[in-house]
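S.K.: Predicted structure and sequence below. I'll ask about it afterward.
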Amino acid sequence: MVVVDLSHTVEMGIPRLQGLPHPVVRPYWTHEQAFTSGLFKGVSCEVSEVNLVGNVGTHLSSPFYFDPGGKDISELPLRACLGPGVVVDARTERERLPIGPDIFSGLELEGKVVLVCTGWDRYWKEPEYEDHPFLTEEAAEFLRDAGIRLLGMDTLSVDDLGDPSRPVHRILSRAGVPIVENLTKLEGLIGKEFTFFAVPPKLKGASAFPVRAFAILGSPREEG
């Protein structure tokens with residue numbers, strides 16, 4: 001079984017949307033504290049405290065993110081967060097090219113996880129990462145009408161961050177389609193059959209949360 005990790009490491013200093021804080025991981029209880037606590041004999045443990053917003057790193061946004069009546073991540077069925085995938089190659093020599101619906105024309109997308117490879121993950125942690133390609137409103141409408149299961153991209157956002165109406169999030173959230181952003185290594189899946197996984201914790205009331213996104217190569221028919 002070949003498994004491909006599609007996630008960035010969540011750590012201090014990673015790219016994030018304007019105004020959002022850095023993720024912070026620190027010990028709540030150290031090995032040293034555990035060893036001297038009298039609760040253990042010959043062993044110790046460390047308990048970590050994690051402080052972060054949901055939309056950081058490689059993360060999944062539920063419909064609730066842009067639809068007040070949409071499902072939060074605890075309400076999403078597992079099948080909404082995994083499934084047979086297809087990578088659409090949107091790499092280009094031009095910078096920050098808007099991606100319209102034509103790139104999806106002729107593809108069988110119903111029920112599929114659609115991953116858009118722009119190659120922008122090469123700028124991870126660089127200033128250029130924030131000035132990324134994005135989908136157009138027409139592309140979002142096309143994907144909605146095609147009945148996709150989930151949309152993923154290797155960019156900070158699927159939307160043009162200069163457009164405050166966020167049409168891609170708005171259209172797909174209202175259609176019940178989850179979105180995964182900040183993916184990486186999608187170019188290795190171009191032209192291959194695979195099953196995609198991006199399952200967040202069952203956290204009630206949360207609109208988004210980081211995931212360990214990955215793909216298992218091979219036909220989905222091979223699933224047990």
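M.R.: All right, it came through fine. Note that the structure is predicted; figures quoted are calculated from it, not measured.
S.K.: Please, where are all the strands along this protein?
M.R.: For the chain, strands defined by DSSP state E occupy the ranges 3-5, 24-29, 47-51, 59-61, 82-89, 98-99, 113-117, 134-135, 150-153, 179-181, 194-197, 208-210, 214-217.
S.K.: and the ones you listed as CSV, adding distance to S74 and mean pLDDT?
M.R.: All C-beta spots, glycine's among them, are computed from the backbone N, C-alpha and C. CSV is the format used below for those (distance: least, C-beta to C-beta, whole Å; pLDDT from 0 to 100):
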stretch, distance to S74, mean pLDDT
strand 3-5, 25, 98
strand 24-29, 23, 94
strand 47-51, 18, 95
strand 59-61, 12, 98
strand 82-89, 16, 98
strand 98-99, 31, 94
strand 113-117, 20, 98
strand 134-135, 27, 97
strand 150-153, 17, 99
strand 179-181, 17, 99
strand 194-197, 18, 98
strand 208-210, 10, 98
strand 214-217, 21, 98
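S.K.: any chance of the ones you listed in a markdown table, plus distance to P127 and mean neighbour count?
M.R.: Shown next, in a markdown table, are the strands of the chain (distance: least, C-beta to C-beta, whole Å; neighbours: other C-beta atoms under 10 Å):
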| stretch | distance to P127 | mean neighbour count |
| --- | --- | --- |
| strand 3-5 | 25 | 14 |
| strand 24-29 | 22 | 11 |
| strand 47-51 | 25 | 10 |
| strand 59-61 | 21 | 26 |
| strand 82-89 | 25 | 20 |
| strand 98-99 | 20 | 17 |
| strand 113-117 | 21 | 24 |
| strand 134-135 | 17 | 26 |
| strand 150-153 | 19 | 26 |
| strand 179-181 | 18 | 25 |
| strand 194-197 | 29 | 22 |
| strand 208-210 | 23 | 23 |
| strand 214-217 | 28 | 20 |
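S.K.: of those strands, which approaches D160 most closely?
M.R.: Closest to D160 of these is strand 134-135 (C-beta to C-beta; 4.4 Å).
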